[in-house]
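Trainee: this is a predicted model, with the sequence first.
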Amino acid sequence: MPPTIKDLKPYVPAKDFELSQRFYAALGFTLTPAFGGTYDAELNGHRFRLQDAYVKDWANNFMMLIVIDAVEAWHEHVLEMQSSGNYPGMRVQDPVPIGGSQVLHVHDPSGVLLVFVQ
């Protein structure tokens, strides 16, 4: 039998670590200090680790797929965040139908692409 895993957390880059912490907290993630100055970000039992490290090509090619129930609610939420002006570099696209899904693309302030799929 192959070995199993108990947890998996991708390390997400942050160009401006404090700005990224505020961005993910505003999205709804709970941030807790983790190993080596990183932060674990958790929402509804799903987690990733935010780190104070940035390489432009890496951040601009990093994506997270987030399966959701209500694309319009998320769209309204991220538009409010964007209009606040508190998250420079944040970009939001209108939801688009892809296959049988509605897909919302949001870039965090570091360029990481969040793909919300309903």
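Mentor: Here it is on my side, so go on. Numbering: from 1, shown residues only.

Trainee: and stretch 35-52, how far apart are its ends?
Mentor: End-to-end distance for stretch 35-52: 12 Å, by C-alpha to C-alpha, to the nearest Å.

Trainee: correction: the previous question concerned stretch 11-24.
Mentor: 14 Å.

Trainee: now do the strands in this protein.
Mentor: For the chain, strands defined by DSSP state E occupy the ranges 11-12, 30-33, 39-43, 46-50, 63-67, 91-92, 96-98, 101-107, 113-117.

Trainee: roughly how far out does the third one sit from the chain middle?
Mentor: When you say that, I think you mean strand 39-43. Distance, stretch centre to chain centre, for strand 39-43: 10 Å (C-alpha atoms, centre = their mean, to the nearest Å).

Trainee: so what strands line up beside it?
Mentor: Sheet partners assigned to strand 39-43 using DSSP bridges are listed as strand 30-33 (antiparallel), strand 46-50 (antiparallel).

Trainee: using CSV, list the CA coordinates for the longest helix along the chain.
Mentor: When the chain is parsed with DSSP state H, its longest helix is helix 71-84. Only the C-alpha atoms of helix 71-84 are listed here, as CSV (Å, rounded to 0.1, in the frame of the first residue of the first chain):
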residue,chain,number,x,y,z
VAL,A,71,-20.4,33.3,-7.8
GLU,A,72,-22.4,36.5,-7.7
ALA,A,73,-22.0,36.8,-4.0
TRP,A,74,-18.2,36.4,-4.4
HIS,A,75,-18.2,38.8,-7.3
GLU,A,76,-19.9,41.5,-5.2
HIS,A,77,-17.6,40.9,-2.3
VAL,A,78,-14.4,41.2,-4.3
LEU,A,79,-15.7,44.3,-6.2
GLU,A,80,-16.3,46.0,-2.8
MET,A,81,-12.8,45.1,-1.8
GLN,A,82,-11.4,46.5,-5.1
SER,A,83,-13.4,49.7,-4.9
SER,A,84,-12.1,50.4,-1.3
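
Trainee: much appreciated, bye for now.
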